[in-house]
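**Q** Can you look at this prediction? I've put the sequence above it.
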Amino acid sequence: MTIASSSPPTRRPRAREEEGDGRLAAVFIAPALLGFLVFLLWPTLRGIYLSFTRFNLLTPAKWVGLDNYDRMVHDPIFWSSLRVTVEYVFINIGVQTVAALAIAVLLQRLTQSALLRGIVLTPYLMSNVVAGIVWLWILDTQLGIGNEIIGGLGFDHIPFLADKTWAIPTIALINVWRHVGYTALLLFAGLQAIPNDMYEAAKVDGASEWRMFWRITMPLLRPVLAVVLIMTVIGSFQVFDTVAVTTAGGPANATNVLQYYIYGSAFGRFQFGYASAMSVALLIVLSAITFLQYRITRAGQTDLG
């Protein structure tokens, strides 16, 4: 008597499985891709086109070639705004990076408290506009509690946001206060990837905390720190809302950062073509800075074996 052997279960062809996976992936990617095309790619291409035109919303765009770029090169306010922006970026990035790195290392080496990490992140939960208004009240020359404390200590009131010397550093420090917690937590996440065995071996060899920081922490944290620097530099060049609610570009253009000047040209004077040209220039500057940062810091490489 022969026993019929059961046939193996049929399987879907591999090509059909891959096709089904591809369709499923397309469904998940579609919303993000649509948003990228509608809210990023199309406005970018439209802005590049408008940078070669004269456009004020009331009349059709008129092609003027490189006139807007020629005007930009000879515009002293543009160069002043660029200088102010660079000054802001240096202060903001310098202070924020050092402070965030110190906070991240302290969180990683001394405590793992989730409550403390939440407290550090709290200022970031506040919008830039709200943070700007709060600090505008605190630092008000006449009635601000900050200046009242300074006066109570026997010093003269300081016009933090009304003096050309103090305005940009003050705005930079306001944004440092708001963003430093978020930056610290990004660096803290990078520190978590460093094996504790390295610190324990270094302690056995008699290494101090300072030596371990420079010989272990900094080299192994470099890729994360590089990405964080790229993100914060791009964000710093785009500062706008804090300036808008505290100084409105004053006094005497001392805080007229590039984004605020672009906004004023477009929506204050309806010079959308010229504003687009400055936006394209900012895009080129940020692209060049990002490329240089990525290459110099070797952000795509890691020292972890």
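**A** Cool, the structure landed.
**Q** What are the buried residues along stretch 256-274?
**A** Going by neighbour count (16 or more other CB atoms under 10 Å), the buried part of stretch 256-274 is 256-266, 271-274. (Each C-beta comes from the backbone N, C-alpha and C, glycine too.)
**Q** Over to stretch 169-188?
**A** 170-188.
**Q** on that earlier part again, out of the buried residues of stretch 256-274, what pair is the most spread apart?
**A** 257 and 273 (20.8 Å; CB to CB).
**Q** can you list the weak-confidence ranges in the stretch 151-300 of the chain?
**A** Residues of the stretch 151-300 of the chain meeting the criterion pLDDT under 70: 299-300.
**Q** now the helices for it?
**A** Counting by DSSP state H, counting those that start in this stretch, the stretch 151-300 of the chain has helices at residues 167-192, 196-204, 209-212, 218-237, 241-246, 258-263, 272-297.
**Q** quick one: contacts of the third one?
**A** Spelled out, it's helix 209-212. The contact list for helix 209-212, computed with CB atoms under 8 Å, 6 or more residues apart in numbering, reads 109, 199, 202, 203.
**Q** how much space between the closest residue to the second one other than its chain neighbours and residue 228?
**A** If you skip the residues right next to it in sequence, residue 199 has residue 212 as its closest partner in space, 5.9 Å away by CB to CB, 6 or more residues apart in numbering. Counting by CB to CB, to the nearest Å, the gap between residue 212 and residue 228 amounts to 21 Å.
**Q** cool, residue 75 as well?
**A** Taken as CB to CB, the span from residue 75 to residue 228 is 33 Å.
**Q** Of these two, which one has the most company?
**A** residue 228 (24 against 16; other CB atoms under 10 Å).
**Q** can I assume that one is in contact with residue 183?
**A** Yes - taking contacts as CB atoms under 8 Å, residue 228 lies within contact range of residue 183: 6.0 Å.
**Q** what's the overlap in contacts for the two?
**A** Counting by CB under 8 Å, 6+ apart, the residues touching both residue 228 and residue 183 are 97, 100.
**Q** Just the CA coordinates for the helix or strand that contains residue 42, please, in PDB.
**A** For residue 42, the host element (DSSP states H and E) is helix 42-50. The C-alpha atoms that make up helix 42-50 are tabulated as PDB, following Å, rounded to 0.1, in the frame of the first residue of the first chain:
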ATOM      1  CA  TRP A  42       8.000  73.700  -4.200                       C
ATOM      2  CA  PRO A  43       8.500  76.800  -2.000                       C
ATOM      3  CA  THR A  44      12.200  76.500  -2.500                       C
ATOM      4  CA  LEU A  45      12.000  76.300  -6.200                       C
ATOM      5  CA  ARG A  46       9.400  79.100  -6.300                       C
ATOM      6  CA  GLY A  47      11.600  81.300  -4.100                       C
ATOM      7  CA  ILE A  48      14.600  80.700  -6.400                       C
ATOM      8  CA  TYR A  49      12.500  81.800  -9.400                       C
ATOM      9  CA  LEU A  50      11.100  84.900  -7.600                       C
END
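**Q** Check which helices and strands it sits against.
**A** helix 272-297 (3 or more CB pairs under 8 Å, 6 or more residues apart in numbering; DSSP states H and E).
**Q** in the helix it packs on, what counts as buried?
**A** Neighbour-count burial for helix 272-297 [16+ other CB under 10 Å]: 272-282, 290, 293, 297.
**Q** Save those as TSV, and put in distance to residue 95 too.
**A** As requested, the buried residues of helix 272-297 are arranged in TSV below (distance: CB to CB, whole Å):
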residue	distance to residue 95
272	35
273	37
274	33
275	30
276	33
277	32
278	27
279	27
280	30
281	27
282	23
290	21
293	18
297	19
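**Q** Run through the strands of the stretch 51-200 of the chain in chain order.
**A** Under the criterion DSSP state E, counting those that start in this stretch, the stretch 51-200 of the chain contains strands at 53-54, 62-63.
**Q** for the last one, what is the average pLDDT?
**A** Spelled out, that is strand 62-63. On average, the pLDDT along strand 62-63 is 95.
**Q** what's that strand in contact with?
**A** By CB under 8 Å, 6+ apart, strand 62-63 touches 52, 53, 54, 55.
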